[in-house]
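Engineer: Sequence plus the predicted model coming up.
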Amino acid sequence: MSTADPPHSLAHAAIAEQVSRLKVVPQRQYGIWIGTAIALVLAGFIIRAFAVNPAFDWGTVIGYIFHPPILRGLGTTLLLTVLIMAVAIVIGAVIAIMRVSPSPILRAFAGVYVWFFRGVPALIQLIFWFNLSILVREVSLTVPGLGTLFSIRTNDLMTPFLSAVVALSLCEAGYMAEIIRAGIKSVPSGQAEAASALGMPYRLILKRITLPQAMRFVVPPTGNEAINLLKMTSLVTFIAVDDLFYSAQSIYARTFETIPLLIVVAVWYLAVVSIMSVGQHFLERHFGRSDKSEESLLADILAKLMPISRRQSHV
């Protein structure tokens, strides 16, 4: 370095030389090391308990995994989950749209629905619908001048399976309504206002603008609700619906092999939840593909609407 170099260059060179001599020592994460050691020790104890404790009776567990009554109960559980979730999504979507409706009466009705069905425990609702015949002896349709078209006893209509579908669907719809409402509220209101200014009715605004964008925010919690619903269907055991848990109970009530049968139930629940989690992941990826800025999305919507407006103006 020559003597003609400015002073600040000499200072920078000296600082760089001092920095190059520094020895970088990684920070010791003692907390992480201790936590890891404790987790490994606990995992070892758990694995050892599962491996050596004869009460788990793994041979019996393997023998019952594909037992016909267990598979029938699994099929009933899956059918209940699909039916209840489908009905809950439809009812929940209607209630959510009512909650964001301009009508105060619709908003009040939807608010009371969500308050009631989320506030009363699912088991109480399940037992109530199962015992509906105490309140209503029969269901009939009577038309003036034609008489009674049909009449059926409530006990014959509200079977345990139908009671489970009705009770859990109405209960789950309260949660789905809030999920869908939150998704609708997540869409910026400026887009709906712009479409409304162009003359688009409220129904089309929901169908073409609000709901498609809300799906990105609705799908993840809906997947979680579906998983929770799968596990909540075990409550139908209390009204003698032959689901997975009820089938296992029927077996260990005779054989007293309680722990192995409970492990079988847990294994099947874990397997189904794992498959549902994978499906939820791909759904989230599908609805997250169109992650655009609000400005470009609004421009696309207006570009599609403007030709319609121009054609109407020429007519």
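Structural biologist: Happy to help now that I have it.

Engineer: Helices along the stretch 201-315 of the chain, start to end?
Structural biologist: 202-205, 211-232, 244-255, 258-287, 294-314 (DSSP state H, counting those that start in this stretch).

Engineer: Which helix or which strand is home to Phe150?
Structural biologist: Using DSSP states H and E, Phe150 sits in strand 147-153.

Engineer: Show me what whichever helix or strand comes after that strand is packed up against.
Structural biologist: Downstream of strand 147-153, the first helix or strand assigned by DSSP H and E is helix 154-157. Helix 154-157 sits against strand 138-143, with contacts defined as 3 or more C-beta pairs under 8 Å, 6 or more residues apart in numbering; DSSP states H and E. Glycine gets a C-beta too; all of them are placed from N, C-alpha and C.

Engineer: quick one: contacts of the strand it packs on?
Structural biologist: Strand 138-143 has contacts (C-beta atoms under 8 Å, 6 or more residues apart in numbering) with 148-154, 157.

Engineer: thinking again about what came up before, so which of the helices of the stretch 201-315 of the chain comes closest to Gln191?
Structural biologist: Closest approach to Gln191 among these (C-beta to C-beta): helix 294-314, 5.3 Å.

Engineer: could you give me the average pLDDT of that closest one?
Structural biologist: For helix 294-314, mean pLDDT is 48.

Engineer: Can you read off the pLDDT for the closest residue to Val267 other than its chain neighbours?
Structural biologist: Excluding its sequence neighbours, the residue lying closest to Val267 (C-beta to C-beta, 6 or more residues apart in numbering) is Ile65, at 6.8 Å. Confidence at Ile65, expressed as pLDDT, is 93.

Engineer: distance of Leu261 from Phe282?
Structural biologist: Going from Leu261 to Phe282 by C-beta to C-beta, to the nearest Å gives 33 Å.

Engineer: so where do the helices sit in the stretch 51-200 of the chain?
Structural biologist: 58-65, 68-99, 104-119, 122-130, 154-157, 160-186, 189-197.

Engineer: Might you list the low-confidence residue ranges for the stretch 51-200 of the chain?
Structural biologist: Within the stretch 51-200 of the chain, the stretches with pLDDT under 70 are 147.

Engineer: mind running it again at 80?
Structural biologist: Where the stretch 51-200 of the chain drops to pLDDT under 80, the residues are 139-151, 187-200.

Engineer: Over to the stretch 201-315 of the chain?
Structural biologist: Using pLDDT under 80, the flagged stretches of the stretch 201-315 of the chain are 201-216, 283-315.

Engineer: quick one, what contacts the residue lying closest to Phe117 once chain neighbours are set aside?
Structural biologist: Spatial nearest neighbour of Phe117, excluding adjacent residues (C-beta to C-beta, 6+ apart): Gly174 at 3.6 Å. Listed by C-beta under 8 Å, 6+ apart, the contact set of Gly174 reads 92, 95, 113-114, 116-118.

Engineer: Now do Gly174 against Leu83, distance only.
Structural biologist: Distance from Gly174 to Leu83, by C-beta to C-beta: 17 Å.

Engineer: Quick check: the residue nearest to Phe117 vs Ser140, distance?
Structural biologist: In terms of C-beta to C-beta, Gly174 sits 29 Å off from Ser140.

Engineer: cool, Leu229 as well?
Structural biologist: 33 Å.

Engineer: And these two? Which one has more around it.
Structural biologist: A direct count of neighbours by other C-beta atoms under 10 Å for Leu229 and Ser140 places Leu229 higher, at 22 against 11.

Engineer: wouldn't that one be in contact with Leu83 here?
Structural biologist: No. In terms of C-beta atoms under 8 Å, Leu229 does not count as a neighbour of Leu83; the distance is 10.5 Å.

Engineer: The strand holding Phe150 pairs with which strands, and in what direction?
Structural biologist: strand 138-143 (antiparallel) (DSSP bridges).

Engineer: buried set for the strand it pairs with?
Structural biologist: Neighbour counts over strand 138-143 (16 or more other C-beta atoms under 10 Å) mark no residue as buried.

Engineer: Using CSV, write out every CA atom in that strand.
Structural biologist: Extracted as CSV, the C-alpha positions of strand 138-143 are listed here (Å, rounded to 0.1, in the frame of the first residue of the first chain):
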residue,chain,number,x,y,z
GLU,A,138,-95.2,-39.1,14.2
VAL,A,139,-94.3,-37.1,11.0
SER,A,140,-97.1,-36.6,8.6
LEU,A,141,-98.1,-34.5,5.6
THR,A,142,-101.7,-33.3,5.3
VAL,A,143,-103.1,-31.3,2.4
